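Visitor: Below are the sequence and a predicted model; questions follow.
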Amino acid sequence: MQQCRRSEIMDDPGLDVEQHVHALRGLERINWWSASVDSLWPPIQALVSEESKRAFRALDIATGAGDVPIALWHRARRAGVQLAVDGCDRSPIAITHAHHRAKQRRADVTFFEWDALTNKIPPGYDVVTCSLFLHHLNDENVVRLLRSMAQAARRLVVISDLVRSRTGLALAYLGTRLLSTSAVVHVDGPRSVQAAYTIEEARVLATQAGMDNAEVLPRWPCRYLLVWKKP
């Protein structure tokens, strides 16, 4: 399946606030159904078990609705891990929504407005994560972001994203309509799969970014997990 990159409605800074929030809620349900955190958590848990330090810090890039860092915070708390989690996004609407959701779910997660493509990622984080963002970018920007994440992370980079495939396209078409009433999600879901990378393409881009020992592994449903440990 050939890669086809088209602008997604969610990327439009002029998108109506109500439509934007409606779409964020739909993406939260899709992430929950897709068990995104079940993929992201094991590498973080493995790092914690290897390190002697008691407290860790994590930053989620392009956090969107904030559901991923909120879920990671709860997962760490249940595991008895001291994990301080922050999330950043360039959209003020997304940040406001994420703050609200963190309060609703009683999660001590901090969110702040930040464009990780145009600004250097803040230092001081043991783990830097990113979920469902790379497919929004062209090759050059993916390499730039991966390189920036690798420089910022003290120990670990973990990325989850879509795999471009016909099966993934069919799942996106059906899943977005079953799990959300947002017209924005209905359009952007299939477009995301069409713009996504294959596992081998993601591995090549990671190597170009200097992540020579990165693992890129398939994950359900039609996703991949990129894990890179700092030497």
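Guide: Arrived safely. Numbers count the residues shown, from 1 in each chain.
Visitor: where do the helices sit along this structure?
Guide: Taking DSSP state H as the test, the helices found in the chain are 17-33, 36-50, 67-78, 92-104, 139-152, 166-179, 183-195, 199-208.
Visitor: For residue 65, what are phi and psi?
Guide: Main-chain torsions, residue 65, degrees, to the nearest 10: phi -70, psi -10.
Visitor: That one touches residue 26, doesn't it?
Guide: No: counting by Cβ atoms under 8 Å, residue 65 stays clear of residue 26, with 9.1 Å between them. Every residue, glycine included, has its C-beta placed from N, CA and C.
Visitor: okay if I get the helices of the chain as CSV plus mean pLDDT, distance to residue 2 and mean neighbour count?
Guide: Listed next are those as CSV, based on pLDDT from 0 to 100; distance: least, Cβ to Cβ, whole Å; neighbours: other Cβ atoms under 10 Å:
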stretch, mean pLDDT, distance to residue 2, mean neighbour count
helix 17-33, 96, 24, 18
helix 36-50, 94, 26, 18
helix 67-78, 97, 29, 21
helix 92-104, 98, 30, 18
helix 139-152, 98, 15, 18
helix 166-179, 97, 11, 16
helix 183-195, 98, 9, 21
helix 199-208, 98, 12, 18
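Visitor: Please identify which of these is closest to residue 218.
Guide: helix 199-208 (6.2 Å; Cβ to Cβ).
Visitor: Need the nearest residue in space to residue 154, chain neighbours excluded.
Guide: The shortest distance from residue 154 to any non-neighbouring residue, by Cβ to Cβ, 6 or more residues apart in numbering, is to residue 126 (4.8 Å).
Visitor: I meant residue 68, not that one.
Guide: residue 131 (5.0 Å).
Visitor: How about the contacts made by the one you found?
Guide: 31, 36, 40, 60, 62, 68, 159-161 (Cβ atoms under 8 Å, 6 or more residues apart in numbering).
Visitor: Residue 196 now?
Guide: 3, 134-135, 161-164, 168.
Visitor: If residue 130 is in a bridge, with which residues?
Guide: Beta bridges link residue 130 to residue 61, residue 159, judged by DSSP bridges.
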